[in-house]
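Chemist: sequence? don't have it. structure:
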């Protein structure tokens, strides 16, 4: 096997090739034993330079070929090969980096972004890099000049991070931290790689991994759709329990006034004072699917008739932020919609739960951008108000309440929301309820009256438009509740923002594409930006 390796290495690295120019200590460095055994400027680099890797490989083979391994179960063998195999991979990477250090060529005219020429070259500059295989050393030439920072062109070739942890560990931290708790992420990384990180390190790496989210979607050009497809926008808010230093001023004041209690768990009322609202935005495409009120309310359908299917959401895109104001998130939703339909040829719809600030912001964005947007209030929210009103008139569990709600909901679907509001007020008066007892009924009547311009369900059903906010409601559960609301979670701003963005990337199916973009941005900001004209010098 060694002879075969020598033959192949001779083809890849012919003996006598000059892999390193002499001068300024490089010849001494090339002749040192180094981490992986002796290295030479000629000969088979893989044979000489990878001696540490070869030693580990031979040790593993000898173990598997010996009597000790013969008595082990397959599970014990898996454990041993997994541990020693990781060490083999670490040594292979370490030896490769050492070989690159030996081969690194000196460059002329290395100029920093401030215009200073680094005329002095020093060898032997080493840094540690913690990778998915373990810790390795990276040795490279340093280009120096008085009063300015050193430059290491080899760092740019490797796209090394500023931090100790590799991009591979950063990616694992981003994936696992978005999936479950930070402790779960620590355990998953250790199971996958054998490397043990702290919870704070995982959170910091996940935060770094999400830093290019906004820029990625700013330049992204989604696929254009046919003009007969609906373009649906939606937004909603969801509270996240925060640490005291991450609350908005009013919430922080309320939390400070609340008397401390010797309990480790907050009650529902106390959580309200410790929450900060995250804004969630969604954009998706849908093919119109005309329906009738009977397709919405099952009791109106003849027996045996199946309801007509509603519009199906496709090409869904989500965004979320707890740092940015809701207005900024809704602006990003409109940006995405504009990228999909820059000439505004499609029908734009906005589905909301009735929050006034969302409606006002949608109107503002639509007017500013010169696009017509039809706002529709979620029909499910209307039903909730009707059920609350029914509680004023009927005992809990009374079948008459269901009949009454169904009748009023049918009238709302027929476009008679204001008349239903009048019916509710009259019933509350004739029932002689006091102000406290009739409050849910008055709230429902006021809701129907105030939102009447956005309750044109007859037109929506006829045109085949959606009338429910299921997509954004599901996004709030998936992006926020399923991850951010786990037991005991208390969030800081940076960590919460990063996890929201990473979960949005996964939900959008863009994570892999985003990660390639993120690494390109790392190369630009960490390395290219440090050189004159953002040009990393190359060997000729």
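Modeler: It's in. Because the structure is predicted, anything quoted here is derived from the model rather than measured. Residues are numbered from 1 along each chain as shown.
Chemist: okay, now the domains of the protein?
Modeler: Structural domains annotated on the chain: 1-103, 110-220+510-540, 226-378+468-507, 379-452, as defined by automatic domain parsing.
Chemist: need these in a markdown table with mean pLDDT, can you?
Modeler: Output for the domains of the chain, formatted as a markdown table (pLDDT from 0 to 100):
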| stretch | mean pLDDT |
| --- | --- |
| domain 1-103 | 69 |
| domain 110-220+510-540 | 95 |
| domain 226-378+468-507 | 86 |
| domain 379-452 | 95 |
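Chemist: in JSON lines: these, plus mean neighbour count and distance to residue 462.
Modeler: Any C-beta I mention is one placed from the backbone N, CA and C, and that applies to glycine too. Below are the domains of the chain laid out as JSON lines (neighbours: other Cβ atoms under 10 Å; distance: least, Cβ to Cβ, whole Å):
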{"stretch": "domain 1-103", "mean neighbour count": "15", "distance to residue 462": "62"}
{"stretch": "domain 110-220+510-540", "mean neighbour count": "17", "distance to residue 462": "34"}
{"stretch": "domain 226-378+468-507", "mean neighbour count": "17", "distance to residue 462": "6"}
{"stretch": "domain 379-452", "mean neighbour count": "17", "distance to residue 462": "11"}
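Chemist: tabulate those domains (TSV), appending distance to residue 460.
Modeler: Shown next, in TSV, are the domains of the chain (distance: least, Cβ to Cβ, whole Å):
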stretch	distance to residue 460
domain 1-103	58
domain 110-220+510-540	29
domain 226-378+468-507	6
domain 379-452	9
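Chemist: quick one, strands of the protein?
Modeler: Secondary structure of the chain, counting by DSSP state E: strands at 110-111, 117-118, 120-130, 135-144, 230-241, 275-286, 313-321, 348-352, 373-377.
Chemist: and the first one, what does it pack onto?
Modeler: Strand 110-111 is packed against strand 117-118, with contacts defined by 3 or more Cβ pairs under 8 Å, 6 or more residues apart in numbering; DSSP states H and E.
Chemist: can you list the strands that the strand it packs on pairs with?
Modeler: Using DSSP bridges, the strands paired with strand 117-118 are strand 110-111 (antiparallel).
Chemist: re earlier: so which of the strands of the chain is nearest residue 67?
Modeler: strand 135-144 (33.0 Å; Cβ to Cβ).
Chemist: got the contact list for that closest one?
Modeler: Strand 135-144 has contacts (Cβ atoms under 8 Å, 6 or more residues apart in numbering) with 35, 90, 93-94, 97-98, 101, 104, 106-107, 110, 118, 120-129, 150-155, 158, 160.
Chemist: mind redoing it with 6 Å?
Modeler: 93-94, 97, 101, 104, 110, 118, 120-123, 125-129, 150-152, 154 (Cβ atoms under 6 Å, 6 or more residues apart in numbering).
Chemist: quick one, it and strand 120-130 angle?
Modeler: 160 degrees (axes from the mean of the first three to the mean of the last three Cα atoms, to 10 degrees).
Chemist: from the chain's centre, how far out does strand 135-144 sit?
Modeler: The chain centroid and the centroid of strand 135-144 are separated by 32 Å under Cα atoms, centre = their mean, to the nearest Å.
Chemist: again, but for stretch 524-532
Modeler: 26 Å.
Chemist: quick one: contacts for residue 214?
Modeler: No contacts exist for residue 214 under Cβ under 6 Å, 6+ apart.
Chemist: ok, it to residue 336 distance?
Modeler: 12 Å (Cβ to Cβ, to the nearest Å).
Chemist: same check, this time on residue 110
Modeler: Taking Cβ to Cβ, one finds residue 110 at 42 Å from residue 336.
Chemist: picking that back up, so for residue 458, which of the domains of the chain sits nearest?
Modeler: domain 379-452 (4.5 Å).
Chemist: any idea how far the closest one is from the chain center?
Modeler: Using Cα atoms, centre = their mean, the offset of domain 379-452 from its chain centre is 41 Å.
Chemist: endpoints of it, how far apart?
Modeler: Distance between the two ends of domain 379-452: 12 Å, counting by Cα to Cα, to the nearest Å.
Chemist: and stretch 109-127, by the same measure?
Modeler: Start-to-end, stretch 109-127 (Cα to Cα) is 24 Å.
Chemist: and what of stretch 136-152?
Modeler: End residues of stretch 136-152 are separated by 17 Å (Cα to Cα).
Chemist: same question, stretch 422-442
Modeler: OK, stretch 422-442 end separation, Cα to Cα: 10 Å.
Chemist: cool, and stretch 408-425?
Modeler: The first-to-last residue distance of stretch 408-425 comes to 13 Å (Cα to Cα).
Chemist: name the residues that touch it?
Modeler: Residues contacting stretch 408-425 (Cβ under 6 Å, 6+ apart): 293, 382-383, 386, 389, 441, 444-445, 448-449, 452, 455, 457-458.
Chemist: closest to residue 184 out of these?
Modeler: Among those, and counting by Cβ to Cβ, the member closest to residue 184 is residue 383, at 37.4 Å.
Chemist: for residue 243, see how far away the residue nearest to the closest one when sequence neighbours are not counted is.
Modeler: Residue nearest to residue 383 in three dimensions, not counting chain neighbours: residue 409, with 6.0 Å by Cβ to Cβ, 6 or more residues apart in numbering. Distance from residue 409 to residue 243, counting by Cβ to Cβ: 43 Å.
Chemist: do you know how far the closest residue to residue 113 other than its chain neighbours is from residue 520?
Modeler: The spatial neighbour of residue 113 that comes closest, neighbours along the chain excluded (Cβ to Cβ, 6+ apart), is residue 530 at 5.5 Å. Using Cβ to Cβ, residue 530 is found at 16 Å from residue 520.
Chemist: same question for residue 242.
Modeler: Computed as Cβ to Cβ, the residue 242 to residue 520 distance reads 33 Å.
Chemist: can you tell me what sits against stretch 358-369?
Modeler: 235, 327, 330, 334, 350, 352, 373.
Chemist: dump those residues to a markdown table, plus distance to residue 311.
Modeler: Below are the contacts of stretch 358-369 laid out as a markdown table (distance: Cβ to Cβ, whole Å):
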| residue | distance to residue 311 |
| --- | --- |
| 235 | 18 |
| 327 | 28 |
| 330 | 22 |
| 334 | 20 |
| 350 | 14 |
| 352 | 17 |
| 373 | 17 |
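Chemist: still on that earlier bit, let me have the strands of the chain in a markdown table, adding distance to residue 515 as columns.
Modeler: Listed next are the strands of the chain as a markdown table, based on distance: least, Cβ to Cβ, whole Å:
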| stretch | distance to residue 515 |
| --- | --- |
| strand 110-111 | 30 |
| strand 117-118 | 32 |
| strand 120-130 | 19 |
| strand 135-144 | 22 |
| strand 230-241 | 25 |
| strand 275-286 | 22 |
| strand 313-321 | 18 |
| strand 348-352 | 31 |
| strand 373-377 | 34 |
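Chemist: for residue 437, which of these is the nearest?
Modeler: Each of the strands of the chain has some distance to residue 437 by Cβ to Cβ; the shortest is strand 373-377, at 26.3 Å.
Chemist: sheet partners, orientation included, of that closest one?
Modeler: Here, using DSSP bridges, strand 373-377 pairs with strand 348-352 (parallel).
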